[in-house]
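**Student:** Have a look; sequence and predicted model below, questions after that.
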Amino acid sequence: MGRRTGDYLLGTSFLAVALFLAMSQEKSESGLLRPEERGVSHGIPASHWTTESGRRQLPSVAAFSPQPTHAVLKNLSRGTRIVVGSLDVSGRRHQLSVAIGSNDSMREVSFPVLRFSINDIARWRNAERLPTPMCRRIETQRLLPDISACNHSVNETSARVFLTPHFRDTGTVHEPAECRFIGESPRVRVYADRRLMQSTTAGKSTPWSQSLTSAAELRALPVVYAWIGAINDVDYDQKLSIVVTDLDHRSRSASHSSPIYGCIREADFQSNSDFCGDIVYIDPSIFELPTDELAALLTHEITHAAVCSIKAEKSLGSTDPAGSGTQPAGLQVPPWLSEATAHFVELQCGDADAGAAEMSENFQRRMDAFFADPAGSPIVAAEDVLSLEERRSGSRGAATLFLARWISSAEALQQVLRSDAALDRRIEQLAEEPFADVFRHWTLSLATMSTLPSARSSEHNSLRLDRFSAASKQTRFSLLGTAFRCFECSDDIASLVIESDDGAQLQISIIEPEARICSAKMD
């Protein structure tokens, strides 16, 4: 009897689970949104969050629903904008297509789609009254040293061997080089590659040293210390070493994107490595730039040095729960985050009141590349997906712009850097909102920036818009995870089908040119 009773209870349990699955499946396929896709919560009322079925969005259980691979958009009026983004935080490349739909194109499972009114987004942006997103004022005057006693004389007998990096068309070469001491300040010591000094016009070493020590002491170090923290004195010489060497050996055809003005090597900041030290390498071409540009670029590289110091600190201070001293995996600050942080801090060394107008030409190029190709400029630039040149382009602008909104203090930046989580978890911990909401908010802001009368003239308003008409043929394109693409309808379109591969985790938003969405009501 006991066994039969057990079999009966087991059968009843399976029946209950099957019924739950069936109910969940029915609810998830009704056109309602999944819990992680519950609209933008940045001041847009819930009454404006609607699904393509015209119903107000309600939570639904979709844990067991199949992964959708397409979305069908209905009744798109002329001027409507469609934002297609990928929530895949791995940064993988996904294949998508957009085509005019037919009467039978509606299928059972579809990506969730939210509609918004351009008027609602305009009111939301005006209500926020955000400060200039790139610059945050922070007190640094107390960190300024007395540099009146700087030494800028070349000492032929004082030299040091560094493992200098050189970027070539075929890759990066690291070779030992003897470098001369050419000057110092309270916190910085400057060296120049002896080979470079032999081929350079005499008398340049003093101006080089003066430019670097002044920019470092008065502009870069105060800002970096305030936002990131001190740099580890790995070689125990009590100063940051700046080495001037010929970094960029690439041919003109290979260097058409961005010049290489400076770099650091992460291995230098590990005390057990050969040629270790807190070292920044600078290309002599940086001295041809304006003073503000030089200061911004030097700040960028010194920020990398400070981030490496955080990584070393985390590794040294981390042990496993058993106390064996084994350092756990996952303590690396990913390269895309390190670059975004360096650009963010770089922007702080200028005049905060001037805002985005003070961005360096180096960062301006990356912002231009991002606005020209947002679909190919992901926040997370995966090293196994994008080449070095691709990662050095629009992706860095995207990541900086995305993070800048949430970095309101040094504590917030430290929280992001010290987390070992993926992008979505880092942002959710910082913003205390679902990553899907934050990402949608960001893409909507950029997609409507040029259409809003409140947009500041200093902001970029040249985001790439791809036109789609009723006569358009199928468009195929690739979309990287954490990137997006924006379309605008040049005609009224009855049905539009967007398809993707598995794993794209598409997020689709429709922006109506007029407040038509408000008329949608629940049955």
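**Tutor:** Looks like it arrived, so ask away.
**Student:** for the chain, which spans come out with low pLDDT?
**Tutor:** Flagging of the chain using pLDDT under 70 yields the residue ranges 1-68, 103-109, 125-157, 201-202, 252-257, 311-331, 351-357, 450-461, 514-523.
**Student:** how close does Val497 sit to Val113?
**Tutor:** Using CB to CB, to the nearest Å, we find Val497 at a distance of 12 Å from Val113. Where C-beta positions appear, they are placed from N, C-alpha and C, glycine not excepted.
**Student:** Distance check, the closest residue to Ala483 other than its chain neighbours against Pro186.
**Tutor:** Computed as CB to CB, 6 or more residues apart in numbering, the closest residue to Ala483 that is not its neighbour in sequence is Pro378, at 4.1 Å. Counting by CB to CB, the separation of Pro378 from Pro186 is 41 Å.
**Student:** higher neighbour count, those two?
**Tutor:** Neighbours were counted for Pro378 and for Pro186 using other CB atoms under 10 Å; Pro378 has more, 33 against 15.
**Student:** Find the helix or strand that that one is a member of.
**Tutor:** Assigned by DSSP states H and E, Pro378 belongs to no helix or strand.
**Student:** contacting residues around Thr341?
**Tutor:** Shown in contact with Thr341 (CB atoms under 8 Å, 6 or more residues apart in numbering): Ile228, Thr303, Val307, Val333, Leu403, Leu413, Val416, Leu417.
**Student:** hang on, the earlier thing: need the overlap of contacts for Val497 and Val113.
**Tutor:** Ala71, Leu73.
**Student:** what's the burial count for the residue nearest to Gln507 when sequence neighbours are not counted?
**Tutor:** Leaving out its chain neighbours, the residue that sits closest to Gln507 by CB to CB, 6+ apart is Gly85, at 4.6 Å. Number of residues near Gly85 (other CB under 10 Å) recorded here: 27.
**Student:** and what of Leu446?
**Tutor:** Count around Leu446 with other CB under 10 Å applied: 21.
**Student:** Likewise for Ala372?
**Tutor:** 14.
**Student:** care to break the chain down by domain?
**Tutor:** If you go by automatic domain parsing, the domain ranges for the chain are 51-134+439-449+460-519, 138-315+338-351.
**Student:** With distance to Leu423 as added columns, please give those in CSV.
**Tutor:** Below are the domains of the chain laid out as CSV (distance: least, CB to CB, whole Å):
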stretch, distance to Leu423
domain 51-134+439-449+460-519, 4
domain 138-315+338-351, 10
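**Student:** Out of those, which gets nearest to Phe370?
**Tutor:** Each of the domains of the chain has some distance to Phe370 by CB to CB; the shortest is domain 51-134+439-449+460-519, at 8.7 Å.
**Student:** still on that earlier bit, looking at the contacts of Thr341, which has the most residues close by?
**Tutor:** Neighbour-wise, the contacts of Thr341 (other CB under 10 Å) top out at Thr303, 27 neighbours.
**Student:** Pretty sure that residue sits against Tyr225.
**Tutor:** No - contact criterion CB atoms under 8 Å: Thr303 and Tyr225 do not qualify, at 10.5 Å.
**Student:** intersection of neighbour lists for these two?
**Tutor:** Counting by CB under 8 Å, 6+ apart, nothing touches both Thr303 and Tyr225.
**Student:** picking up where we left off before, quick one: which of Val497 and Val113 has more around it?
**Tutor:** Between Val497 and Val113, Val113 has the larger neighbour count (other CB under 10 Å), namely 24 against 19.
**Student:** quick one: the more buried one and Lys74, what's the gap?
**Tutor:** Distance from Val113 to Lys74, by CB to CB: 9 Å.
**Student:** go on, Ala422?
**Tutor:** The value you get for Ala422 to Lys74, if CB to CB is used, is 34 Å.
**Student:** what pairs with Ser478 across the strands?
**Tutor:** Gln95 (DSSP bridges).
**Student:** how many neighbours does it have?
**Tutor:** With other CB under 10 Å as criterion, Ser478 counts 13.
**Student:** And it, how close does it get to Val84?
**Tutor:** 12 Å.
**Student:** which neighbours do these two share?
**Tutor:** Leu96.
**Student:** isn't Asp233 right up against Asp278?
**Tutor:** Yes - contact criterion CB under 8 Å: Asp233 and Asp278 qualify, at 6.0 Å.
**Student:** more crowded one of these two?
**Tutor:** Ranked by neighbour count (other CB under 10 Å), Asp233 and Asp278 place Asp278 first, with 23 against 13.
**Student:** roughly how far apart are the residue lying closest to Leu465 once chain neighbours are set aside and Gly79?
**Tutor:** Once flanking residues are discounted, Leu465 sits nearest to Glu488: 4.9 Å by CB to CB, 6+ apart. Glu488 sits 7 Å away from Gly79, going by CB to CB.
**Student:** between the two, which one's more packed in?
**Tutor:** When Glu488 and Gly79 are compared for neighbours, Glu488 comes out ahead with 19 against 16, by other CB under 10 Å.
**Student:** Specify the local secondary structure of the more buried one.
**Tutor:** strand (DSSP: H, G, I helix; E, B strand; the rest coil).
**Student:** Quick check: bridge partners of it?
**Tutor:** Glu488 forms beta bridges with Arg81, Arg467, as assigned by DSSP bridges.
**Student:** Could you report the distance from it to Ser77?
**Tutor:** Taken as CB to CB, the span from Glu488 to Ser77 is 11 Å.
**Student:** Could I get the full set of strands for the stretch 151-300 of the chain?
**Tutor:** Assigned by DSSP state E, counting those that start in this stretch, the stretch 151-300 of the chain shows strands spanning 155-168, 171-184, 188-193, 240-244, 262-263, 279-282.
**Student:** would a markdown table of those with distance to Ser395 and mean neighbour count be doable?
**Tutor:** Formatted as a markdown table, the strands of the stretch 151-300 of the chain follow (distance: least, CB to CB, whole Å; neighbours: other CB atoms under 10 Å):
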| stretch | distance to Ser395 | mean neighbour count |
| --- | --- | --- |
| strand 155-168 | 19 | 16 |
| strand 171-184 | 20 | 17 |
| strand 188-193 | 31 | 25 |
| strand 240-244 | 27 | 25 |
| strand 262-263 | 18 | 20 |
| strand 279-282 | 23 | 25 |
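**Student:** Which of the ones you listed sits closest to Ser209?
**Tutor:** Closest approach to Ser209 among those (CB to CB): strand 171-184, 2.8 Å.
**Student:** what angle do the closest one and strand 155-168 make?
**Tutor:** Interaxial angle, strand 171-184 versus strand 155-168 (axes from the mean of the first three to the mean of the last three CA atoms, to 10 degrees): 150 degrees.
**Student:** so who does the residue nearest to Leu465 touch?
**Tutor:** Gly79, Thr80, Arg81, Ile82, Leu465, Asp466, Arg467, Phe468.
**Student:** Go ahead and confirm the second one touches Asp491.
**Tutor:** No - Thr80 is beyond contact range of Asp491, at 10.1 Å (criterion: CB under 8 Å).
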